[in-house]
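Peer 1: got a predicted structure here, sequence first:
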Amino acid sequence: MLKSFLTQRYAIVLVAALGVAGCGDSKDKGASSAAPPGGLTQEQAARVLAKVGDRSITLGDFALAIERMDPFDRLRYQTVEKRKELLNEMVDLELLAAEAERRGLGKDAATQEAIRQLLRDALLEEVHKSLPAPAEIPMAEVQRYYDDHIAEFREPERRRVSVIVLEDEAKAKAVLESLGASTTTDAWGRAFFENSITAKNEKQGNLPLDLAGDLGVVGPPGQAKGENGKVPAAAREAVFKLGKVGDVFGEVISDGKRFYVLRMSGQTKAHDRSVAEADRSIRVAILKQKMIEQEQELEKELRAKYKVEVDEATLSKIANPRP
């Protein structure tokens, strides 16, 4: 009841803000036997906001445009100026559509294909209305999905990689020797800013020393989770040979023409995400699966309803497109 009251109030504000006094008739496309959008009455929905040639833009059309927006986009249209801006955009759309129709572009093959795709999307949107919202999925179903996909919620150990990058191997070895097998954050930061060729990209006064030379985190080698394109494969292997945070790898790592002195600057132990931690992502995954199943069932029904014939022989003779 509260939601209905608020949307009705919002529709009344729209009418007042735009100074609408006119009223459409039963032929206006805003009038429909379906329930009007935004909590409007049929009479309110039929009120004409603008006329473009022989077409009318009604309050129902306007409310529907707002209703179909992303909630965050919808917040942009709370002022009179923004609502007028939206109405002007709808007028422009009608003008362009009318001119395209006059030029016969509606019969163009590409246009017809675009219309078919829009109709497909509209049908799927209508079918998906029967699905529950993520928050409405029963907790028992969430738990069952979690139990059946437990491997997806096992997070591997992750280690943070920091490097000093040099173009001279001998100098890299000298830096490594000066640091030793383990080093403090301060000592590492000084070595980074004094030696790394990447230090010029950082401002020493703004960058915390514990992030000096930071390339981000990686998971164990061979695991898809925890991949990081910034970290060379050899560096990823090396960081997982270290014992604790602060340890420096005992050899210079070469990758192309660059040489790396590597330090493990952080560590997160392997753990299983709980069902509570994974709740939102599980609900989204369940909803996506329901959509897929619903669309597959719809396709099955439509193939039984409409005759489908495919010319496999002709299809096999179509030349591959040039790259």
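Peer 2: Thanks, I have the structure now.
Peer 1: from here on, contacts and neighbour counts on C-alpha atoms
Peer 2: Will do.
Peer 1: got the buried residues for stretch 242-259?
Peer 2: Neighbour-count burial for stretch 242-259 flags 242, 244, 245, 246, 247, 248, 249, 250, 252, 253, 254, 259 (criterion: 16 or more other CA atoms under 10 Å).
Peer 1: check stretch 56-75 too.
Peer 2: Result for stretch 56-75 [16+ other CA under 10 Å]: buried residues 56, 57, 58, 59, 60, 61, 62, 63, 64, 65, 66.
Peer 1: what about residue 35, neighbour count?
Peer 2: By other CA atoms under 10 Å, 12 other residues sit near residue 35.
Peer 1: what about it, which SS state?
Peer 2: Under DSSP: H, G, I helix; E, B strand; the rest coil, the three-state class of residue 35 is coil.
Peer 1: can you map out the strands along this protein?
Peer 2: Using DSSP state E, the strands of the chain run over 48-52, 55-58, 154-155, 158-166, 214-218, 253-255, 258-268, 271-272.
Peer 1: and the longest one, how far from the chain's centre?
Peer 2: Okay, so that is strand 258-268. 31 Å (CA atoms, centre = their mean, to the nearest Å).
Peer 1: shaky segments in the stretch 51-200 of the chain?
Peer 2: Across the stretch 51-200 of the chain, no stretch falls below the confidence threshold (pLDDT under 70).
Peer 1: can you give me the helices for it?
Peer 2: Using DSSP state H, counting those that start in this stretch, the helices of the stretch 51-200 of the chain run over residues 59-67, 71-74, 80-102, 109-128, 139-148, 169-179, 185-195.
Peer 1: just name the most buried of the ones you listed.
Peer 2: The highest mean neighbour count among the helices of the stretch 51-200 of the chain, using mean count of other CA atoms under 10 Å, belongs to helix 59-67: a mean of 21.
Peer 1: other SSEs contacting that one?
Peer 2: Helices and strands touching helix 59-67, by 3 or more CA pairs under 8 Å, 6 or more residues apart in numbering; DSSP states H and E, are helix 42-45.
Peer 1: so which of the helices of the stretch 51-200 of the chain comes closest to residue 161?
Peer 2: Within those, the stretch nearest residue 161 is helix 185-195; the backing value is 12.5 Å (CA to CA).
Peer 1: what are the contacting residues of the closest one?
Peer 2: 163-166, 175, 179, 199-200, 204, 209-210, 212-213, 246 (CA atoms under 8 Å, 6 or more residues apart in numbering).
Peer 1: are any of those buried, and if so which?
Peer 2: The neighbour-count criterion (16+ other CA under 10 Å) marks 163, 164, 165, 166, 175, 179, 199, 209, 210, 212, 213, 246 among the contacts of helix 185-195 as buried.
Peer 1: would you format these as JSON lines with distance to residue 279 included?
Peer 2: Below are those laid out as JSON lines (distance: CA to CA, whole Å):
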{"residue": "163", "distance to residue 279": "36"}
{"residue": "164", "distance to residue 279": "40"}
{"residue": "165", "distance to residue 279": "41"}
{"residue": "166", "distance to residue 279": "45"}
{"residue": "175", "distance to residue 279": "47"}
{"residue": "179", "distance to residue 279": "45"}
{"residue": "199", "distance to residue 279": "41"}
{"residue": "209", "distance to residue 279": "36"}
{"residue": "210", "distance to residue 279": "33"}
{"residue": "212", "distance to residue 279": "36"}
{"residue": "213", "distance to residue 279": "35"}
{"residue": "246", "distance to residue 279": "35"}
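Peer 1: my guess is residue 173 contacts residue 253. True?
Peer 2: No. Using CA atoms under 8 Å as the test, residue 173 is too far from residue 253 to be in contact (9.8 Å).
Peer 1: farthest-apart pair in the contacts of helix 185-195, please.
Peer 2: It's 200 and 246 that sit farthest apart of those, by CA to CA, at 23.3 Å.
Peer 1: that older thread, dump the contacts of helix 185-195 into a markdown table; add distance to residue 310 as well.
Peer 2: As requested, the contacts of helix 185-195 are exported to a markdown table (distance: CA to CA, whole Å):
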| residue | distance to residue 310 |
| --- | --- |
| 163 | 58 |
| 164 | 61 |
| 165 | 59 |
| 166 | 61 |
| 175 | 69 |
| 179 | 70 |
| 199 | 62 |
| 200 | 62 |
| 204 | 66 |
| 209 | 65 |
| 210 | 63 |
| 212 | 61 |
| 213 | 59 |
| 246 | 65 |
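Peer 1: between those, which sits nearest residue 135?
Peer 2: For the contacts of helix 185-195, the nearest to residue 135 is residue 210 (40.3 Å; CA to CA).
Peer 1: identify the residues contacting the closest one.
Peer 2: 185, 186, 189, 265.
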